[in-house]
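**Q** sequence and computational prediction follow.
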Amino acid sequence: RKKNMRDISHKVDTFRTAKATAQLIMSPASVAAVRDNSGPKKDIPATARATAFLAIKNTHTAIPHCHPIPVEAATVDFNYEESSILITVTAKAVYKTGIEMEVLHGVSIAALVVYDMLKPLDDTIEIRNIRLEEKTGGKSDFREEFSRQLTAAVVVCSDSVASGKKQDTGGKAIRERLESMGID
């Protein structure tokens, strides 16, 4: 059976956000080397951040069924604990489909860069818990907001309809369309 990229041409653009995290477990000395820029390889967070930005913007070139998304903002943050570093990637876009794959790709690549740059110093590093923390946007955001029954009123302003010279067809058509959409 032929598999195609999902057709999103019928969808409307909505504001989308997503946040993903990855945890790197390592020795306290390795955490200090990254935090204090004192290891054999310098500027690890800056290198990981730049590479994550590239990954976010190019997810569609690495994952075949992802659409190219116009990313409008992205952040890559590092939180240092005694024996771990938590990387958090967030992104924003206005588009037809979500941006969760972009943040997951970005945080994964950032974690791999940290791992690669620290491996001469620490062979115990583990990448753990790559996960999507949250996402917003799309039709799921509108379901909650409009979960109550909507009502509408149709007002026809026409001198010829009011004088009885014409029948009201426009107002009736609007009413029928609203009813077909479940609006009282």
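**A** Cool, the structure landed.
**Q** so after the worst-scoring helix or strand of the chain on mean pLDDT, what's the next helix or strand?
**A** Ranked by mean pLDDT, DSSP states H and E, the helix or strand of the chain with the weakest confidence is helix 139-145, at a mean of 60. Beyond helix 139-145 in the direction of the C-terminus, DSSP states H and E gives the next helix or strand as helix 159-162.
**Q** for the lengthiest helix in the chain, packing partners?
**A** Longest helix of the chain, by residue count under DSSP state H: helix 100-118. Helices and strands in packing contact with helix 100-118 are listed as strand 14-25, helix 28-36, helix 44-57, helix 59-62, strand 71-80, strand 84-95, strand 126-136; criterion 3 or more C-beta pairs under 8 Å, 6 or more residues apart in numbering; DSSP states H and E. (C-beta placed from N, C-alpha, C; glycine too.)
**Q** pull out the buried positions in the shortest one.
**A** By neighbour count, and taking 16 or more other C-beta atoms under 10 Å as the criterion, the buried residues in helix 59-62 are Thr59, His60.
**Q** and the third one, by the same measure?
**A** By neighbour count, with 16+ other C-beta under 10 Å as the criterion, the buried positions of helix 44-57 are Ile44, Pro45, Thr47, Ala48, Arg49, Thr51, Ala52, Phe53, Ala55, Ile56, Lys57.
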